[in-house]
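Novice: Got a predicted structure here, sequence first:
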Amino acid sequence: MSSAGEAILCERCDAVCCRLTVVLQDGDRVAPHLTTWRDGLHVMARDEEGWCVALDSARMRCGCYESRPDVCRRFAMAGPYCLELRADYSERMRRGIPLQLH
Ligand code: SF4
Ligand code: SF4
């Protein structure tokens, strides 16, 4: 449960984890137009604000859920990294600090 007493669910989140660098693995089958190369790594492309280009921004949900990368499949909702990201995001929003790309 969050500090506000609500369960942590992706459905009630601004897809904070979809601003992280997502490095693609050999077995991933993401549509090529959603990916790019950066620093020698094949990664999910991101928009100007830092969100993954596959994100359905109207619903803040993955727009390629069935073929999402393995890294995304393994990211644990309400796990330690999720909690850390959400806390950092909330603090930045509260203080009006621009988000940084990871
Ligand atoms: S895994 Fe965590 S950070 Fe990612 S969308 Fe779900 S609740 Fe938000
Ligand atoms: S592929 Fe989907 S789950 Fe993974 S970062 Fe992009 S929008 Fe999020």
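Specialist: Received it, and whenever you're ready, just let me know what you need. Ligands and ions are numbered 1, 2, ... in the order given.
Novice: Contact distance from ligand 2 - what residues of the protein qualify?
Specialist: 18, 22, 44, 52, 54, 55, 62, 64, 68, 69, 72 (Cβ under 6 Å from any ligand atom). Using the backbone N, CA and C atoms, a C-beta is placed for each residue, glycine as well.
Novice: how about 5 Å then?
Specialist: By Cβ under 5 Å from any ligand atom, the residues of the chain that approach ligand 2 are 18, 22, 52, 54, 55, 62, 68, 72.
Novice: which residues touch the nearest residue in space to the fourth one that is not next to it in sequence?
Specialist: By that I understand residue 54. Counting by Cβ to Cβ, 6 or more residues apart in numbering, residue 54 lies nearest to residue 64, which is 4.5 Å off, once chain neighbours are set aside. The contact partners of residue 64, taken as Cβ atoms under 8 Å, 6 or more residues apart in numbering, are 30, 31, 34, 54.
Novice: In helices, which of the residues of the chain next to ligand 2 fall?
Specialist: Using DSSP state H, residue 72 are the members of the residues of the chain next to ligand 2 that sit in helices.
Novice: Quick check: of the contacts of residue 64, which lies closest to residue 13?
Specialist: Lowest distance from residue 13 to the contacts of residue 64 (Cβ to Cβ) belongs to residue 54, with 16.1 Å.
Novice: which residues in this protein form strands?
Specialist: Applying DSSP state E to the chain gives strands spanning 35-38, 41-44, 55-56, 61-62.
Novice: Is ligand 1 within reach of the lengthiest helix in the chain?
Specialist: The single longest helix within the chain, with elements called by DSSP H, is helix 80-95. Yes - Helix 80-95 reaches ligand 1 (Cβ under 5 Å from any ligand atom) through residue 82.
Novice: which other residues reach that helix?
Specialist: 2, 8, 13, 14, 16, 17, 20, 75, 76, 97, 98, 99.
Novice: So among the residues you listed, where is pLDDT lowest?
Specialist: Within the contacts of helix 80-95, the minimum per-residue pLDDT falls on residue 2 (49).
Novice: That's all I had, so thanks and see you.
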